[in-house]
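Colleague: Sequence below, structure please.
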Amino acid sequence: MLTFHTISNNNVEQLLAIENACHSHPWSEKTFKSCIGGRYFGYYAQENDTIVGFYIGDHVAGEATLMDICVTPMQQGKGYGKVLLQHFLQQAKQHNAVKVFLEVRAKNIAAQMLYMNHGFIETGRRTGYYPSAKGFGYEDAIVMSLTL
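Modeller: Numbers count the residues shown, from 1 in each chain. You can find the predicted model right below:
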């Protein structure tokens, strides 16, 4: 059974392992810890005793931003990303958000499809925003939004 738990400093080490496995340029421990509490909200999903993924969002003045979302590589393709996104959207509503934003790598077509299937639309592009996964140059970020 899949359960959700609030991210705390006690979970950072486990979640950073997932972060490092999922991203070519992962967040540092300092960055991760700075996104716990205050205006930030984050949850990890656990299937039995295994953490399968997590997300971190923030909320300010009726808007929420999906800052990070990861599914451990061994669990990808099983629908956990969809469930994590749906949970994020529910939490954004509970924080009285009326609009949600996110950024996604231009080459991450699977993530873009997930977001579009949940009603997100492309609203902009940040040229050269992400360091390239191969270490040479930069990759654009696509800005997407959803009105709740």
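Colleague: how far away is the residue most central in space within the chain from Glu47?
Modeller: The centroid of the chain falls nearest to Ile69 when counting by CA atoms, centre = their mean (2.2 Å). To Glu47, Ile69 is 16 Å away according to CB to CB, to the nearest Å. No exception for glycine: its C-beta is placed from N, CA and C like everyone else's.
Colleague: try Gln91
Modeller: Applying CB to CB to Gln91 and Glu47 gives a distance of 19 Å.
Colleague: of these two, who's got more company?
Modeller: Gln91 (19 against 14; other CB atoms under 10 Å).
Colleague: what sits against the more buried one?
Modeller: 41, 43, 57 (CB atoms under 8 Å, 6 or more residues apart in numbering).
Colleague: any idea which element Thr65 lies in?
Modeller: strand 63-71 (DSSP states H and E).
Colleague: Please enumerate residues in contact with that strand?
Modeller: Strand 63-71 has contacts (CB under 8 Å, 6+ apart) with 15, 18-19, 21-23, 27, 35, 40, 52-59, 80-81, 84-85, 88, 92, 95, 97-102.
Colleague: Mind doing that once more with 6 Å?
Modeller: For strand 63-71, contacts defined as CB atoms under 6 Å, 6 or more residues apart in numbering pick out 18-19, 22, 53-58, 80-81, 84, 88, 92, 97, 99-102.
Colleague: Of those residues, grab the buried ones for ChimeraX.
Modeller: One line in ChimeraX is enough to select the buried ones among the contacts of strand 63-71; burial here means 16 or more other CB atoms under 10 Å:
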select :18,19,22,53,54,55,56,57,58,80,81,84,88,92,97,100,101,102
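Colleague: list the buried ones in the helix or strand bottoming out on mean pLDDT in the chain?
Modeller: The weakest-scoring helix or strand in the chain, judged by mean pLDDT, DSSP states H and E, is strand 121-131 (a mean of 92). Within strand 121-131, the residues that count as buried by 16+ other CB under 10 Å are Tyr130.
Colleague: How about stretch 72-82?
Modeller: For stretch 72-82, the buried set under the neighbour-count rule, 16+ other CB under 10 Å, comprises 72, 75, 80-81.
Colleague: Filter the residues you listed down to just the ones in helices.
Modeller: 80-81 (DSSP state H).
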